[in-house]
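[1] let's see this in three dimensions:
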Amino acid sequence: MKDFIQAHLMRSLMFVPAHREKLLESAINRSADVLLLDLEDSVQPAENKVIARENIKNWVSEGKFADFLVFPRVNDRESGELLRDAYELTIEGIHGFMYPKSKKGEDVYFFDKLLETIEYEKGIPVGTFKIIPLIETAAAVLNAQEICQASDRVIAIAYGCEDFIADLGGIHDEEGQSLFTPRAIIAMAAKAHGILPIDTVHVNVHDLEELEQNLKVAKNLGFEGMMVLNPKELELVHRYFSPSAKEIKDAEEMLKLADQAKSQGNGVAMINGKFIGPPMILAAQKVLKKKMLIEKKNSK
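    Modelled structure (predicted):
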């Protein structure tokens, strides 16, 4: 789990209805880190789900998604479509699945065992396919820690605000107050268990000023990525979930001073009057690791 997280960028996770080839074509010419190839809500009627699965298999086999992490959003446990989704799409080129309506740990455990059975039958190493549970009900928010621990496949949890508000019977207010507490809970649960918290979509896709305000809150809360509905959002999302020039400079200086202190036999180093402790060193290493991953992606 940790190896996967450390080896990949997951700043932006962009939804693409998998039955619409025009949108798939557009998506592969964008800069999203992760493609959430949707088989669920945006793929209606049911006949389109067959088309969506076929499109994904064909495009994967042709190498069209080679520059992305690919996580289809499968249909939920009660849909009658989940087994077909999982069996047909456990193929090379798919990294994992977004699992909707994850209300408790048992739901994720069930999906984990389904994938394990399929992997075993197909001769694929068990644990190959990762899971991103989608937290979109009041119960799921309250069970977020349990969901994080339900499977070693879980690399992130993502917040689905609109379904959450509908389940709650609340109001998605302009200030975002109704979303603040669940966002904070989700971010804390993820970080407590060493996985990535992914923030909810920004519904007003044409209001980039509002998106930026949401991104400021998301970064303050500890989120490390955001689900995206429109490619025009990617530039801002990447800016906020990439280390700034100052963050990179500070991280490099911090590690340099820590190495100097260690080589000179000093117990601790200081920067700007503050002791450089192990948590600060770990944070600096994460900043520089992300910088390296971004440079690698931009060089392609």
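
[2] only C-alpha atoms from now on, for both contacts and neighbour counts.
    Noted.

[3] what's next to stretch 235-244, contact-wise?
    Residues outside stretch 235-244 that contact it (CA atoms under 8 Å, 6 or more residues apart in numbering): 11-12, 212, 215-216, 219, 224-226, 287, 290-291, 294.

[4] buried ones in it?
    Of the residues in stretch 235-244, 236-238, 240-243 count as buried by neighbour count, 16 or more other CA atoms under 10 Å.

[5] mean confidence score for it?
    If you average the pLDDT over stretch 235-244, you get 96.

[6] and the end-to-end length of it?
    End-to-end distance for stretch 235-244: 14 Å, by CA to CA, to the nearest Å.

[7] off-centre distance for the top helix by length along the chain?
    Identified as the longest helix of the chain according to DSSP state H is helix 278-298. Offset of helix 278-298 from its chain centre (CA atoms, centre = their mean, to the nearest Å): 17 Å.

[8] quick one: mean pLDDT for that helix?
    90.

[9] returning to that earlier point: ok, which pair from the buried residues of stretch 235-244 is furthest apart?
    L236 and P243 (12.8 Å; CA to CA).

[10] make a markdown table from the contacts of stretch 235-244 and add distance to L134 and neighbour count to it.
    Below are the contacts of stretch 235-244 laid out as a markdown table (distance: CA to CA, whole Å; neighbours: other CA atoms under 10 Å):
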| residue | distance to L134 | neighbour count |
| --- | --- | --- |
| R11 | 16 | 25 |
| S12 | 15 | 27 |
| E212 | 23 | 17 |
| L215 | 19 | 22 |
| K216 | 22 | 12 |
| K219 | 19 | 14 |
| E224 | 15 | 22 |
| G225 | 14 | 27 |
| M226 | 12 | 27 |
| V287 | 26 | 20 |
| K290 | 24 | 19 |
| K291 | 27 | 18 |
| I294 | 26 | 17 |
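
[11] okay if I get these as JSON lines plus distance to R20?
    Formatted as JSON lines, the contacts of stretch 235-244 follow (distance: CA to CA, whole Å):
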{"residue": "R11", "distance to R20": "24"}
{"residue": "S12", "distance to R20": "20"}
{"residue": "E212", "distance to R20": "29"}
{"residue": "L215", "distance to R20": "29"}
{"residue": "K216", "distance to R20": "33"}
{"residue": "K219", "distance to R20": "32"}
{"residue": "E224", "distance to R20": "29"}
{"residue": "G225", "distance to R20": "25"}
{"residue": "M226", "distance to R20": "23"}
{"residue": "V287", "distance to R20": "37"}
{"residue": "K290", "distance to R20": "32"}
{"residue": "K291", "distance to R20": "34"}
{"residue": "I294", "distance to R20": "29"}
